[in-house]
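>>> Coordinates only, no sequence provided:
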């Protein structure tokens with residue numbers, strides 16, 4: 001991954017301030033690449049998150065530009081995660097097509113059905129927060145399945161951003177809806 005891509009990534013407050021590790025793997029491992037396909041473009045994935053945040057950005061911007069900008073910038077952060085995962089999948093010997101793991105066998109490629117489309121601002125924020133929690137849980141499960149310390153470091157760094165997203169979205173939920181969800 002080139003440094004120029006890192007430079008366009010929105011910095012604080014949309015991501016953790018710690019640096020991203022270089023995309024490196026200990027050795028090619030197509031099984032690990034296949035595990036990462038779920039994080040890349042499965043139901044709970046960076047690809048789903050990008051599309052959901054952009055949709056919510058389009059709906060929320062006319063209501064409140066600040067909230068729309070927040071959602072757009074979180075989507076940009078998720079785009080960097082997608083790029084990092086795609087590069088990692090290639091380094092492991094995989095092919096980062098837009099699908100989850102095992103989907104080629106079942107002809108189950110990514111679908112827009114994975115996105116929460118509700119047009120209620122509070123419902124969207126709650127869905128976004130829940131999706132971040134689910135993503136963290138998936139990353140943690142995959143860290144346990146993968147024996148490559150380089151890949152684990154990459155996933156652990158992405159988790160830091162997802163936690164920042166939960167904090168920012170929780171603040172927005174409190175501000176715009178007067179309620180909150182489970183904390184970190």
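Here it is on my side, so go on. Here the structure is a predicted model, which is why all the values come from computation and not from measurement.
>>> For this structure, which segments are assigned as helices?
For the chain, the helices defined by DSSP state H cover 3-7, 30-41, 46-60, 65-91, 103-106, 121-145, 149-177.
>>> how about low-confidence regions in the chain?
1-12, 102-108, 182-184 (pLDDT under 70).
>>> what residue is smack in the middle of it?
Nearest to the geometric centre of the chain sits residue 46, at 3.5 Å (C-alpha atoms, centre = their mean).
>>> Identify the residues contacting that one.
39, 40, 78, 79, 81, 82, 85, 135 (C-beta atoms under 8 Å, 6 or more residues apart in numbering). The way it works is simple: take the backbone N, C-alpha and C, and place the C-beta from them, glycine included.
>>> Mind putting those into a markdown table with neighbour count?
As requested, those are exported to a markdown table (neighbours: other C-beta atoms under 10 Å):
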| residue | neighbour count |
| --- | --- |
| 39 | 26 |
| 40 | 26 |
| 78 | 28 |
| 79 | 20 |
| 81 | 27 |
| 82 | 19 |
| 85 | 26 |
| 135 | 24 |
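>>> Among those residues, find me the one that's closest to residue 163.
For those, the minimum distance to residue 163 (C-beta to C-beta) is 10.3 Å, reached by residue 135.
>>> Touching, that closest one and residue 44? I think so.
Yes - taking C-beta atoms under 8 Å as the definition, residue 135 is a contact partner of residue 44 at 5.8 Å.
>>> dump the residue contacts of the residue nearest to residue 116 when sequence neighbours are not counted.
Take residue 116 and drop its neighbours on the chain: the residue closest to it by C-beta to C-beta, 6 or more residues apart in numbering is residue 127, 3.8 Å away. By C-beta under 8 Å, 6+ apart, the contact list for residue 127 reads 52, 116, 118.
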